[in-house]
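Asker: only geometry, no sequence info:
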C-alpha cells in the first residue's frame, strides 16, 4: 500500500484500483472461495436465540429478540430449524414483503394451504389449519412489518397453539414499546412473554468464528478483526473482511497479516464498488 500511496499524481480512486489489482481482489464468477463454506459456529448469541426459540416452541409463548444488524440472527434461526425444529416456519420480512398478502402467501406456501380466495378466506383457512397443527412461527427482520400484520399474527397466536418469535433491529423495540404511540401496540406487547436484547459479540465468539474460517491467524490479526466485529456491521463485517483477505492470500500468495487486513478494510470502505 505504501508504494501506491506515494504516487501523488494518482487520484484516490486510481490508487484504490491499483491496490485492488495488486492484492488480487477479483475472481472469475464461477470460482468458489475457501471461506464460503466454513459452516455454522455456535456462539453465545446463537445460544441465546435458540433459548428464546425453544421457550416459545415449548410453552407456547410470544418472544421478541432485538439486536443490531450483523450479529448472526438469521444464521442462528436457520440453523435452529435445521438442527432442532424442522417444522418451524421462518418468514423473512422486507420492505417489499410486509403486506398482508405477501405474509399470507409465505405462510400458506409453508403449510400447504391457500388458494385463489380473498385474504380473509386464506387467513381463516390458515388459522384453522394451525389450530390443529401448531408450528413455531419465526418472523425475521420483523421491524419491516406493518401494524396490521402484527395484529394478524396476534390473532394466529390467540387462536392456535403456535409459538411466535419476532426478530429485528432496535427500531422494532422503539415501535412497540419505546414511543408515545406505543399504547396502540398494547394488545400485542402484553402477550410477549420473553424479551431478549442481544449485546455485542464476545471476544470468544469472534475468535471462534475467525479461527473456524482461517485457523492460522496471529494475535494482531485477531485483535484487528475483533475491533472490526465490535463496530458497524458486527460479525458480518469481520467475516467479510477476513474473507476478502483470504481471497488475496489464495490468489496472490500474499501473507495474511494485519497489514493485508488494513488494506482490505480500506478497499471495503471505498465506494467504488468492486468488492
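Answerer: Looks like it came in fine. All values reported here derive from a predicted model rather than from experimental measurement.

Asker: what's the residue positioned nearest the centre of the chain in contact with, if anything?
Answerer: Nearest to the mean C-alpha position of the chain, by Cα atoms, centre = their mean, lies residue 74 at 3.9 Å. Residues counted as contacts of residue 74 (Cβ atoms under 8 Å, 6 or more residues apart in numbering) are 92, 140, 141, 167. Just so you know, the C-beta spots here come from the backbone N, C-alpha and C atoms, and that holds for glycine as well.

Asker: narrow those residues to those that are buried.
Answerer: Those of the contacts of residue 74 that meet the buried threshold are 140, 141, 167, by 16 or more other Cβ atoms under 10 Å.

Asker: now flag whichever of the residues you listed is closest to residue 219.
Answerer: Nearest to residue 219 among these, counting by Cβ to Cβ, is residue 167 at 34.0 Å.

Asker: that closest one belongs to a strand, doesn't it?
Answerer: Yes - assessed with DSSP: H, G, I helix; E, B strand; the rest coil, residue 167 lies in a strand.

Asker: so who does it touch?
Answerer: 49, 65, 67, 73, 74, 77, 138, 139, 140, 141, 142.

Asker: how about the strands in this structure?
Answerer: Remark: strands assigned in the chain by DSSP state E are 62-66, 89-92, 137-140, 164-168, 192-197.

Asker: redo these as CSV? Include mean pLDDT and distance to residue 209.
Answerer: Conversion of the strands of the chain to CSV gives the following (pLDDT from 0 to 100; distance: least, Cβ to Cβ, whole Å):
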stretch, mean pLDDT, distance to residue 209
strand 62-66, 97, 20
strand 89-92, 96, 22
strand 137-140, 98, 20
strand 164-168, 97, 19
strand 192-197, 94, 21
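
Asker: could I get those strands as JSON lines with distance to residue 127?
Answerer: Below are these laid out as JSON lines (distance: least, Cβ to Cβ, whole Å):
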{"stretch": "strand 62-66", "distance to residue 127": "16"}
{"stretch": "strand 89-92", "distance to residue 127": "14"}
{"stretch": "strand 137-140", "distance to residue 127": "12"}
{"stretch": "strand 164-168", "distance to residue 127": "13"}
{"stretch": "strand 192-197", "distance to residue 127": "20"}
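
Asker: show me the shaky parts of the chain.
Answerer: Residues of the chain meeting the criterion pLDDT under 70: 1-38, 114-115, 178-183, 270-275.

Asker: break it into its domains for me.
Answerer: Split into domains by automatic domain parsing, the chain comes to 44-197, 200-275.

Asker: I'd say residue 254 and residue 260 touch.
Answerer: Yes - contact criterion Cβ atoms under 8 Å: residue 254 and residue 260 qualify, at 5.8 Å.

Asker: for the two, indicate the residue with more neighbours.
Answerer: residue 260 (20 against 17; other Cβ atoms under 10 Å).

Asker: now do the contacts for the more buried one.
Answerer: Here residue 260 is in contact with 23, 245, 248, 249, 254 (Cβ under 8 Å, 6+ apart).

Asker: for it, give its distance to residue 163.
Answerer: According to Cβ to Cβ, to the nearest Å, residue 260 stands 46 Å off from residue 163.

Asker: could you do residue 97 as well?
Answerer: Per Cβ to Cβ, residue 97 is found 21 Å from residue 163.

Asker: and those two? which has more neighbours close in?
Answerer: residue 163 (26 against 16).

Asker: list phi and psi for the more buried one.
Answerer: phi -80, psi 150 (degrees, to the nearest 10).

Asker: so it versus residue 137, what's the distance?
Answerer: 7 Å.
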